[in-house]
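1. could you look at this predicted model? Sequence included:
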Amino acid sequence: MNRLYVLVFVALLGVGLSLPGLGEAAITVLDIEPGVRAMGIGGAAVALVDGAETIYHNPAGLDDLEGFSVSSFYSSHLGLASYSAFAVTFRNWGLAVLVFNSGNIQGFDVGGNPIDAPLSYGSHAVLLGFGVDPQDFAFIPRLPIDFSIGGRIVYVSTRIGDLSGSGFALDLAYRMTFPDLRVGPVGISDLALGLTATNLLGRVNYGEHSEDMATSLRLGGAARIAEIVLLSSDIDLAGRFHFGVEYEPIRNFALRAGMLTQPGGVVITLGLGINVEGFRVDYAYITNPGLAGSHRVSLSIDFAGIDINAIMHSLRRILP
């Protein structure tokens, strides 16, 4: 294809992108690890249910949401790139928008020669997801395991300089939960396994040319130890590994740390979260080998977790 390839490593890797080989697959916003809480634990979130951010990681988990949730996050890196998202979920359904934009990037022609004018790059995606428990349907017999299935229909668009393209992809997902157990005096809860297959049949069309989107199969597991420590881990088809720990020393306050492998080295992540009556603020710091780290901040509201009586009581104490 006689088009410009863009040197986007500095801008995109800085916000957590694992690039497929240039010329082998379309580069889109979907290649960036999404979310904020998840990035605080190394992106290991396939087995987790996490409010509105669930739609980013495993839509099968939408079945386990209690009600209406919204979430938004923003990240900026080196003054070159911005990455933001907004998600809204109900039980069983979710909708999300991912937006990545970058400018002033050095471009190269197909011969590897730099071009004079800087380029811009942008990619947007819209995700419509669902998650259901098959045993909610009367015609399916009761099974000895607790699981849910889900999927996403994804629309993605990209803009590289003056070249633009768009396309669709299909994602499928599975999540299984297990009963709590005890190992001696230690309780283990929230045991879960998750599996996602993303960008199935995905393709971005650039006029007369098209590029396949990188298909990925990802398996993850999670468990909570003694009600205060969450361990989570993912591995994908390409061999990338994610691992994270979340420690909740007091109720509604969490400290996080994680790591993930990607081409070029190991990325270390740190994060924290504060939840006040259903209003949650999360922060994540993402390192990058050889580049400056990036920061992400999100605001989420879980309307099912809001205690209206407690809020009104607090307002009566504050207001005259």
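-> On my side now, so go ahead. Just so it is clear, the model here is predicted, and its values are computed rather than measured.

2. please make it C-alpha for all contacts and neighbour counts, starting now.
-> Noted.

3. okay, now the residue nearest to residue 200 when sequence neighbours are not counted: neighbour count?
-> Among residues not flanking residue 200 along the chain, residue 170 sits closest, at 5.0 Å (C-alpha to C-alpha, 6 or more residues apart in numbering). Other residues within reach of residue 170, judged by other C-alpha atoms under 10 Å, total 18.

4. okay, and residue 170 sits in which element?
-> strand 163-177 (DSSP states H and E).

5. so for that strand, mean pLDDT?
-> Taken as a whole, strand 163-177 has a mean pLDDT of 94.

6. buried ones in it, by neighbour count?
-> The neighbour-count check on strand 163-177 (16 or more other C-alpha atoms under 10 Å) flags 164-177 as buried.

7. again with stretch 207-220
-> For stretch 207-220, by 16+ other C-alpha under 10 Å, it's 210-215, 217-220.

8. stretch 298-306 now?
-> Buried-residue list, stretch 298-306, by 16+ other C-alpha under 10 Å: 298-303, 305.

9. nearest to residue 74, of the residues you listed?
-> residue 298 (6.6 Å; C-alpha to C-alpha).

10. from residue 271, how far off is that closest one?
-> Relative to residue 271, residue 298 is positioned 11 Å away (C-alpha to C-alpha, to the nearest Å).

11. what touches both of these two?
-> Common neighbours of residue 298 and residue 271 (criterion: C-alpha atoms under 8 Å, 6 or more residues apart in numbering): 282-283.

12. all strands of the stretch 1-150 of the chain, in order?
-> Taking DSSP state E, counting those that start in this stretch, the strands of the stretch 1-150 of the chain run over residues 5-6, 69-77, 81-90, 93-105, 107-108, 119-132, 146-160.

13. tabulate the ones you listed (CSV), appending mean neighbour count.
-> Formatted as CSV, the strands of the stretch 1-150 of the chain follow (neighbours: other C-alpha atoms under 10 Å):
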stretch, mean neighbour count
strand 5-6, 18
strand 69-77, 21
strand 81-90, 22
strand 93-105, 21
strand 107-108, 20
strand 119-132, 22
strand 146-160, 21
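
14. mind putting those strands into CSV with mean pLDDT and distance to residue 292?
-> Listed next are those as CSV, based on pLDDT from 0 to 100; distance: least, C-alpha to C-alpha, whole Å:
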stretch, mean pLDDT, distance to residue 292
strand 5-6, 42, 20
strand 69-77, 89, 8
strand 81-90, 92, 13
strand 93-105, 87, 16
strand 107-108, 64, 21
strand 119-132, 91, 20
strand 146-160, 93, 24
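
15. okay if I get the ones you listed as TSV plus distance to residue 48?
-> Below are those laid out as TSV (distance: least, C-alpha to C-alpha, whole Å):
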stretch	distance to residue 48
strand 5-6	35
strand 69-77	16
strand 81-90	15
strand 93-105	15
strand 107-108	39
strand 119-132	13
strand 146-160	13
